[in-house]
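> Give me a model of this one.
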Amino acid sequence: MPPAHNLVLVDDDPYVLHALQFAFETEGYSVRTYTRGEELLAAPPIEPATCLIIDERLPGLSGLDTVARLRALGVAAPAILITTHPTPSMIKRAAAANVGIVEKPLIGDVLASRVRAAFNA
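Prediction:
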């Protein structure tokens with residue numbers, strides 16, 4: 001079980017959001033969830049030892065735009081973008097913002113492995 005790590009999940013699909021929340025909470029993570037980037041930006045600050053998992057295609061601000069605003073506010077938490085079929089420009093923007101990408105569908109342990117790696121980095 002990971003030591004007191006926090007996750008922030010942002011996805012507008014309630015089924016994906018709840019499935020990820022359940023999966024990570026059973027592994028011992030403390031999880032906050034949001035359905036829009038604007039909700040996250042209006043929420044209390046992100047705690048230390050937090051990893052952000054954010055969907056790229058959100059209503060309103062995209063996942064990468066949300067991360068860019070967080071970075072501008074000084075939030076350096078590791079971030080993982082979940083998306084289908086990332087474009088070359090999306091991959092370039094994500095790399096520039098130090099954001100990893102995990103492609104949907106989320107099969108196996110790929111996302112959990114990336115979260116553990118983010119905390120170990």
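> In this protein, where is pLDDT below threshold?
For the chain, the stretches with pLDDT under 70 are 1-4.
> Break down it into its strands, ranges please.
6-10, 30-34, 50-55, 79-83, 99-103 (DSSP state E).
> will you turn those into TSV that also has mean neighbour count and distance to residue 89?
For the C-beta atoms, the positions are set from N, CA and C on the backbone; glycine is no exception. Output for those, formatted as TSV (neighbours: other Cβ atoms under 10 Å; distance: least, Cβ to Cβ, whole Å):
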stretch	mean neighbour count	distance to residue 89
strand 6-10	22	21
strand 30-34	17	25
strand 50-55	24	17
strand 79-83	23	12
strand 99-103	18	12
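> Using a markdown table, please lay out these together with distance to residue 113.
Listed next are those as a markdown table, based on distance: least, Cβ to Cβ, whole Å:
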| stretch | distance to residue 113 |
| --- | --- |
| strand 6-10 | 14 |
| strand 30-34 | 17 |
| strand 50-55 | 12 |
| strand 79-83 | 11 |
| strand 99-103 | 9 |
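> Alright, calling it a day.
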